[in-house]
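In: Sequence first, then the predicted structure:
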Amino acid sequence: MIDLNWVCGLWGNNHCRFLQKEMVGNSGGQLFIWDSNCFDVTNSFISDFCIGVHGKWMSTENDFSIINVYGPHDDHNKKRCWSFLYNKICGSSDEAWAVCGDFNEVRDAEERLNCIFSESRAKMFNEFIDKSKLIDIPLGKSDDYPIILKDDDRNFGPKPIKVFDEWLNNDGIDDIMKGVWAEDVGGGSLALKTKSSQKFGNLEGEIEMFKLVANALELRAEHGLINEEERKQWLDARREWFQREQIKANMLKQKARIRWTLEGDENTKYLHSNLFEEHTTSTTSLVNLVYPTLTSDEARCLESPTCEEEILMAINDCGNSKAPEPDGFNLHFFKKFWDVIKVDVVHAIS
């Protein structure tokens, strides 16, 4: 049986509280731990499929609720689970919600590897997410990864520029970059950010607007009250809605990749720590060994100035999402605007 002393030992100090759901057979057990100095829990609940807490962040007094889910496997209980979560979220006040855990379900076939994908289950899961107005945050490399939720007011200064692929699809961005880069080398980042803010700044609002229009016309169609013009409006609204949802998903995925690049993965860190760990081993003498050397022509070739063709070849050999640093211009930017920026890039490298 888990008690507070055991949880405090696991947590590392006594400033914690926990909520536990017992196992059913060999599965379904859950343990929820939080820092009692940061989060004040006012209410909690345990259901067949999840455990959750309601409370306030002590630093901001903002209401917040977290649900930890362990999803069922069969269709009947999946419906019960999604219905329970929807009623829990939508039946509350305007507080913020985080829903996490193991849902035992996927949103599309690409997430289901080496096993059977159920389109009907995925549809039911997606409908729950949409109706609850939740945002799906991609996890990246693993779906089994512990998370720590922190409330932190530290100010790290201005945010560095991150070039998202969706920005580069803006209408007229080519002409904007030509004008800005000619006047102020490097000013292209501000132009991209400004233009993209104009197009994507109200992305959530546009998604909700087109979604409401599509759903309203779909309801009329179900009752046979829609004419040909309204049917066209319905199709247009659905197309605009789904396009913006895809843009939103792509930007979230790219943000997740940037985050993972910055912080890494525990498995990667463990591998590197062992890979570069010093080991005491016997060494072999290297005396009188003959190594191949460069010819004079090869040495001169290495020392010669880098040309534009070599730089462009190196850029084209890299994936679009790659960047010299996690924050900054990715290789998609360099490829798209090469004719505009190549003189400055070659000068900087040479």
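Out: Nice, I can see it. What you see is a predicted model, and the numbers here were worked out from it, not measured in a lab. Numbers count the residues shown, from 1 in each chain.
In: moving C-terminal of the helix or strand that residue 5 is a member of, what's the next helix or strand?
Out: Element membership for residue 5 (DSSP states H and E) is helix 4-11. Per DSSP H and E, helix 4-11 leads on to strand 16-21 as the next helix or strand towards the C-terminus.
In: Give me the contacts around the following helix or strand past that following strand.
Out: Next helix or strand after strand 16-21 toward the C-terminus (DSSP H and E): strand 30-35. Residues from elsewhere that reach strand 30-35 (Cβ atoms under 8 Å, 6 or more residues apart in numbering): 2, 7, 10-11, 15-21, 41, 50-53, 66, 68, 70, 101. Any C-beta I mention is one placed from the backbone N, CA and C, and that applies to glycine too.
In: Tell me which residues are up against the helix or strand just after strand 30-35.
Out: Using DSSP H and E, the helix or strand that directly follows strand 30-35 along the chain is strand 39-46. Contacts of strand 39-46 with the rest of the structure, by Cβ under 8 Å, 6+ apart, involve 17, 19, 21, 34, 51-58, 64, 88, 151.
In: Among those residues, which one is most surrounded by other residues?
Out: Within the contacts of strand 39-46, most neighbours by other Cβ atoms under 10 Å means residue 52, with 22 neighbours.
In: pLDDT averaged over the helix or strand encompassing that one - what is it?
Out: Counting by DSSP H and E, the element that carries residue 52 is strand 50-57. In this model, strand 50-57 has a mean pLDDT of 89.
In: next SSE after that strand?
Out: strand 63-70.
In: Which residues does that following strand contact?
Out: 21, 27-28, 30, 32, 39, 49-57, 81, 85, 88, 92-93, 95-104, 149.
In: what lines up beside that strand in the sheet?
Out: Strand 63-70 has the following strand partners under DSSP bridges: strand 50-57 (antiparallel), strand 96-102 (parallel).
In: CA atoms of the shortest one as CSV?
Out: Which is strand 96-102. Extracted in CSV, the C-alpha atoms of strand 96-102 (Å, rounded to 0.1, in the frame of the first residue of the first chain):
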residue,chain,number,x,y,z
ALA,A,96,-7.9,25.9,-17.6
TRP,A,97,-7.7,22.1,-18.1
ALA,A,98,-4.9,19.7,-18.9
VAL,A,99,-5.8,16.1,-19.9
CYS,A,100,-2.9,13.7,-20.1
GLY,A,101,-2.0,10.0,-19.6
ASP,A,102,-2.3,6.9,-21.6
